[in-house]
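this one's structure only:
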């Protein structure tokens, strides 16, 4: 039996989660194309690092998100934790974790629930 059949690729899980949340949960999708004029602020966030690079999704806590009608959000993060996965599968070991402070991300939008803000469409580079 092929052992890899029991793993869940992180890309597949993200797609399934996005579909499960439904369009009504997509709160932060502005229609404009201008750069964000105000910044969101989050106390802490986690962004996995996969074999092909940083995830385009970031899970954050303690966020203050300004109302805006722009396409991109600029998010200042106090503490960013980046677990480095050894493979592209969620249930595999983590090779190590890096912690960065006072970093900035640009993301297209977000969904949120009572526990976290899930930023999506984040560019790979940090500032």
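Everything's here; your move. Source: prediction; values computed, not measured. Residues are numbered from 1 along each chain as shown.

Next, count neighbours for residue 44.
Neighbour count for residue 44, taken as other CB atoms under 10 Å: 15. Yep, even glycine has a C-beta here, placed from its N, CA and C like the rest.

try residue 117
Neighbour count of residue 117, defined by other CB under 10 Å: 23.

who are the neighbours in contact with it?
By CB atoms under 8 Å, 6 or more residues apart in numbering, residue 117 lies in contact with 42, 59-61, 63, 65, 110-111.

Could you rerun that using 10 Å?
27-28, 40, 42, 45, 58-65, 75, 107, 110-111 (CB atoms under 10 Å, 6 or more residues apart in numbering).

which of those are buried?
28, 40, 42, 45, 58-60, 63, 65, 75, 107, 110-111 (16 or more other CB atoms under 10 Å).

give me the element residue 97 is part of.
strand 94-107 (DSSP states H and E).

Mind listing the strands that strand pairs with, and their directions?
Paired neighbours of strand 94-107 in the sheet (DSSP bridges): strand 73-85 (antiparallel).
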